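Asker: predicted structure and sequence below. I'll ask about it afterward.
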Amino acid sequence: MEVTRCGIHGFHEAIGIDTDELRFFWALEANGSKAKQAAYRVVVSSTKSDLEQSPATPRPDGWESGRVESDAQRNIACKTETGFKSTTFYYWQVTVWDQNGNISKSAVNEFYTSYTRSSRLLPPYSMNQTYMPHTSLIFRTWFENEPDRWKAVWIGNGSDKPFYLRKAITLPGPKKVSRVIVFASGLGHFNLSINGSPASPHVLDPGWTNYHRTVQFVGYDVTEHWNSSTEKRGENVIGAHVGNGFYAGDQGDRFFWPMYEDNTYVRYGNELCFFAEVHVHYEDGSHETIISDPSWKVRKSATTLANIYASEDHDRRLYPVGWDSPGFDESEGSWADAKPLTGPRGKLRYQSQPPVVLHNTFEPVRTQKLRSDATMFDLGQNSSIMAQVSVTGPAGSEIIIRYSETIDDKGFVYMPDPLFKEFEHGVYAKFTLAGTGEPEIWTPDFSFTSARYIQIEGASLDSTDNLPTINSVSARHVSSGARHLGSLKTDKEDVNSLINACYWSFSSNLFSYHTDCPQIEKFGWLEVTSLLFPATQYIRDMESLYSKILDDIIDTQESNGLVPTMAPEIRYMCGPLHDTITWGCAVCFLPEMIKRYYGSTQVFGKIYTPAVRYMEYMRTKERSGGLIEHGLGDWGRDIAFGNHQANIETAVYYRCLKNVALMARELGYAEDEKRFEEWAARIYEVYNRHLLVTDKEEYPYAFYTSLDTPGVRDRTMIAQAMALQFDLVPAEHRADVIKAFLADCADSGNTMRAGEIGLKYLWNTLGDADVDRPDIVLEMARQEEHPSYMRFLRRGETTLLEFWQDACRSKCHDMLGTIYEWFYASVLGVKPVGDAYRSWTLRPPVKTEFGVVQGSVECPYGNIEVGFERKGDKSVGLNVRVPTSTTCTLQLVEGWRVVGGLDGGKGKEGEIVLEQGSYTLTLSE
């Protein structure tokens, strides 16, 4: 039995851990055997040699669990008695015993601490020492505790335009460097380099936050870039390029959505700023800290506009070649001493979510000459991108780069929504050439967009046009660096195209929070987090990102308990667009989902009180004894139309209360658990009293009505689906409500009568084992007219649109993508039961039209693999891989049985338990 992967819950990277309480996890691989973990021991030490001793050694200086008789592999709590030492490497290892006493050890894992006792308490206002040295008398204990406090100073040039910073360092003495760690932050965004090389593959560091409450810092291990020669002690140069982001958003003369229409955007800060601490560790165990201060040099950037909505201006003539490398002459006049700045108001917090990085490279699949000085490049796939353009031409030549998800009938960039024509002409980058005679390459420093088409103006592919020459155009997909997890393919190409469109829509909206549009909006709308969590976890490992989103929610929550519709709140909205429970419910939904899909409760402690406060706020909004109906309802139905408020919002309210009760139970708050269970029971009763119709006057079965039209008792698929999916239907009426649901599907001609909220629960209901109607799902998806997924694809779209319309303003919205969850749950057939897929079910898609289905889900315990292939009308081949430490329950449709691949001779029917291992089965009807 081998330990294959280890980690820390809620942390993607581990260079700058700023808490003394951690939760560990690991995965095992038993190579198909029946081996089970019987016990474990976790050891944390600042000395690697402590991990090499036998389990009987005394407790190390970090923490150790002792031998624990348990098969638990996730949510292993580590609470140190005295806390971790600051700026220290810690090493941890897990030892596991199987049921026969055999021992396996993981590889040695590593993390590096920042300042756990200063975390989230005081920002790095070392400017106090610079401007007000007398404050050391007032805050005496702060300044006495040198090892455990931030030391760096926020610096810059006092402007709100991008700038470069550099610091040349020559270390004295003969000591040999062993490791070099940098903690840094630059607002809005910064790129860090060491000796001319990027410090990491990150872009858009640090993550977006409410900068008045929280500012993220980033940890980098730059040892490989550091000149640590002892024979010739060399110069090392740290470079930082800082741009605006959302912290000090700069519209320039372009489109900037937070200022669109009502100008509600208010800058967090008016001075771009940067801080850094360089921690140099020597082989003799000593440690040196170099900080950002006025000794650093600063100058204006060649990027003169950094509008995060894909509009940048870069003048290559102003670029100081080699500025971040050793040997550069910084004495020329444009470099000045950095200014110490007050910096942001927010407290420092480690960037625990995955960084934003560049992924796939897109090369044009088609080019079109629009006029002599304009060329369109078709990348073939719409997605979130950073473009790269290579041009050769004379000095001062201006190249314009435009982006679009749509082109008109002549091939020019085009915005189909007449209300947003400003986006068509007001989003572009301007690149001014230095005229070196060599190819000059431009890529954005601090912005991105969603686009399939790139339009280049002021240059040509044809050198005879007497214009600068375009050498190449490409783009990199920009998204969260979280691990890729799932795959799915069928024998139906239209379905594969839809799966692909969902994938690119989701991946293009995952950054330092989950957006629903990387093009026009870029906002952290909260409804997509809870609606799409089950779908996105088939694409990426979302735990640490969604844990960070909960921090954003805490920072955004208002004093009365209200959780607004977006977090961070980049743009203030009003009315239902500010206060609606189907958005705010993320504060209660996400913790339960993190537990369900990742087996971790590490967020419960911090989110419990905010969740309780939100429920207390929602109680003030109750009507008719407990109904909630003041929000957006089923947003997206008929473009944007409030409906089913009572059905949807009250059901979500009920689930929020149940989840708060769950958190109370996990945290040991027995009285609170009882209170919230009773509260939920009251809402259950009110919901059914007002919405359940049982008199059978209109129909020969019970059904749920909406309250959309007073005095009219309708019977909609969404009203039935919400009650079914939120466990609000009394057992005696469940069969009736399913009949009502299917009846409205039939009455609609199997058309999606749902907005973005109801859509998820429509698919979930059609996928339930007691409904199981994949034919209806696919018929809905394939409708000729809208609403229809396949209409998008038939029109050539490669991602999902914002609304069910052809001429849509945004074509990379993911909020309609909840059908992706249905594909994995009902076509691949995999559903989690126990937390983190400790137990899961597999329901082969024998009732579907698919002849072949191949897919995988890398769950927290290992890789689930499923292969399904029809062998004839009544026979199916099924390959299944059950990861170590998990159990699969194979659920067979009535009339089907396993006739090959299992011991026992006769065919087996019903539910069959498959222990860990690989299986090749034959199913027959």
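Answerer: Nice, thanks for sending it over.
Asker: quick check: phi and psi on Ile15?
Answerer: When quoted as degrees, to the nearest 10, the phi and psi of Ile15 stand at phi -120, psi 90.
Asker: is the residue nearest to Gly907 when sequence neighbours are not counted bridged to anything, and to what?
Answerer: Leaving out its chain neighbours, the residue that sits closest to Gly907 by Cβ to Cβ, 6 or more residues apart in numbering is Arg897, at 3.8 Å. Yep, even glycine has a C-beta here, placed from its N, CA and C like the rest. With DSSP bridges as the criterion, Arg897 is bridged to Glu909, Ser924.
Asker: let me know how buried Arg897 is, in neighbour terms.
Answerer: Neighbourhood size, Arg897 [other Cβ atoms under 10 Å]: 16.
Asker: so what's it up against?
Answerer: Arg897 sits next to Gly907, Lys908, Glu909, Leu923, Ser924 when contact means Cβ atoms under 8 Å, 6 or more residues apart in numbering.
Asker: these two touch, right, the third one and Trp896?
Answerer: Okay, so that is Glu909. Yes - using Cβ atoms under 8 Å, Glu909 is in contact with Trp896, at 7.4 Å.
Asker: neighbour count: those two, which is higher?
Answerer: Trp896 (20 against 13).
Asker: residue contacts, that one?
Answerer: Contacts of Trp896 (Cβ under 8 Å, 6+ apart): Pro844, Val846, Val876, Glu909, Leu923, Ser924, Glu925.
Asker: same check on Thr375?
Answerer: Thr375 touches Thr367, Gln368, Lys369, Gln455, Ile456, Ala459, Ser460, Leu461, Ile470, counting by Cβ under 8 Å, 6+ apart.
Asker: any quick ChimeraX command for the buried ones out of the residues you listed?
Answerer: Listed next is the ChimeraX selection for buried residues among the contacts of Thr375, using 16 or more other Cβ atoms under 10 Å:
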select :368,455,456,459,460,461,470
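Asker: average pLDDT for stretch 911-925?
Answerer: When pLDDT is averaged along stretch 911-925, the result is 94.
Asker: how far off centre is that stretch?
Answerer: Computed by Cα atoms, centre = their mean, to the nearest Å, the chain-centroid distance of stretch 911-925 equals 34 Å.
Asker: what's the end-to-end length of that stretch?
Answerer: Distance between the boundary residues of stretch 911-925 (Cα to Cα, to the nearest Å) amounts to 15 Å.
Asker: only the buried residues of that stretch, if you could.
Answerer: Of all the residues in stretch 911-925, those buried under the rule 16+ other Cβ under 10 Å are Ile912, Leu914, Gln916, Gly917, Tyr919, Leu921, Thr922, Leu923.
Asker: ditto for stretch 364-380
Answerer: Judged by neighbour count using 16+ other Cβ under 10 Å, the buried positions of stretch 364-380 are Pro364, Gln368, Leu370, Asp373, Ala374, Thr375, Met376, Phe377, Asp378, Leu379.
Asker: for these, which one is nearest Val478?
Answerer: Leu379 (13.3 Å; Cβ to Cβ).
Asker: for the closest one, phi and psi?
Answerer: Dihedral angles of Leu379 (phi, psi; degrees, to the nearest 10) stand at phi -80, psi -10.
Asker: can you check the one 4 residues further on too?
Answerer: With angles defined as degrees, to the nearest 10, Ser383 shows backbone torsions of phi -170, psi 170.
Asker: surely it meets Ser450?
Answerer: Yes - checked against Cβ under 8 Å, the pair Ser383 and Ser450 is within contact range at 6.6 Å.
Asker: could you name every residue contacting both of those two?
Answerer: Listed as contacting both Ser383 and Ser450 by Cβ under 8 Å, 6+ apart are Ser508, Thr799, Cys812.
Asker: and the second one, how far from Phe868?
Answerer: Summarising the geometry, the distance separating Thr799 from Phe868, computed by Cβ to Cβ, to the nearest Å, is 27 Å.
Asker: before we move on, what about the first one?
Answerer: With distances taken as Cβ to Cβ, Ser508 is found 29 Å from Phe868.
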